[in-house]
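> Would you be able to build a 3D model of this:
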Amino acid sequence: MEDSEKIKAHLRQLFDIQKLAVLATHQTGQPYASLVAFAASQDLKHLFFATPRTTRKFANVTADARVALLVDSRSNREVDFHEAMAATATGEVRELTTVERRAHTALYLKRHPHLEEFVASPSCAFMQVAVHCYYLVRQFQKVVELHIQP
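All right, here's what the predicted structure looks like:
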């Protein structure tokens, strides 16, 4: 079994090369998936994304804070079956307060400077996922779990 520092290194490598994640939410039992631009805290305890408050994903996370985010390195080539890496993060999401938002938007905008106007909009919610666990899949079937301590 890999130690947690090696798993974290793989996660950081993946998060450095990918800027989009698939956010999975649900409401009344129906799953819903959407693409989000994301950023990860250095300690990997939190993932951040922004969304307008008028979206289905925002309504879903307001109703039930449990989410999953999938980040992967696929390129839609055959080699992906053996070389692609995918990480699913599970946790709970909440909208950050104005003060908290200021502390974390710099990290987000460093990865997504083109979204500065979007994030500054009063209609935009800045969200933080408190990660409970990462499931990392590499080399087609090598699956490891990393449980995050609060």
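> When you work out contacts or count neighbours from here on, use the C-alpha atoms and nothing else.
Noted.
> got the contact list for residue 58?
By C-alpha atoms under 8 Å, 6 or more residues apart in numbering, the contact list for residue 58 reads 51, 52.
> does it count as helix, strand or coil?
The three-state label given to residue 58 by DSSP: H, G, I helix; E, B strand; the rest coil is helix.
> how close does it sit to residue 110?
23 Å (C-alpha to C-alpha, to the nearest Å).
> What segments of this protein are strands?
For the chain, applying DSSP state E gives strands covering 20-27, 30-40, 46-52, 66-72, 86-95, 124-138, 142-147.
> so which of these gets nearest residue 14?
strand 66-72 (7.1 Å; C-alpha to C-alpha).
> any idea of the mean pLDDT for that closest one?
Mean pLDDT, taken over the full extent of strand 66-72, equals 97.
> Then stretch 19-28?
The average pLDDT within stretch 19-28 is 94.
> Give me the buried positions along it.
Of the residues in stretch 19-28, those buried by neighbour count under the rule 16 or more other C-alpha atoms under 10 Å are 20, 21, 22, 23, 24, 25, 26.
> Can you add distance to residue 11 and give these back as TSV?
Converted to TSV, the buried residues of stretch 19-28 look like this (distance: C-alpha to C-alpha, whole Å):
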residue	distance to residue 11
20	14
21	13
22	15
23	17
24	19
25	22
26	25
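> now the strands of the chain in TSV, with distance to residue 118?
Written out in TSV, the entries for the strands of the chain read as follows (distance: least, C-alpha to C-alpha, whole Å):
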stretch	distance to residue 118
strand 20-27	16
strand 30-40	12
strand 46-52	8
strand 66-72	21
strand 86-95	16
strand 124-138	7
strand 142-147	32
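> For residue 12, find the nearest of these.
strand 30-40 (8.4 Å).
> ok, that closest one: who's next to it in the sheet?
strand 20-27 (antiparallel), strand 46-52 (antiparallel) (DSSP bridges).
> Return the distance of that strand from the chain's centre.
7 Å (C-alpha atoms, centre = their mean, to the nearest Å).
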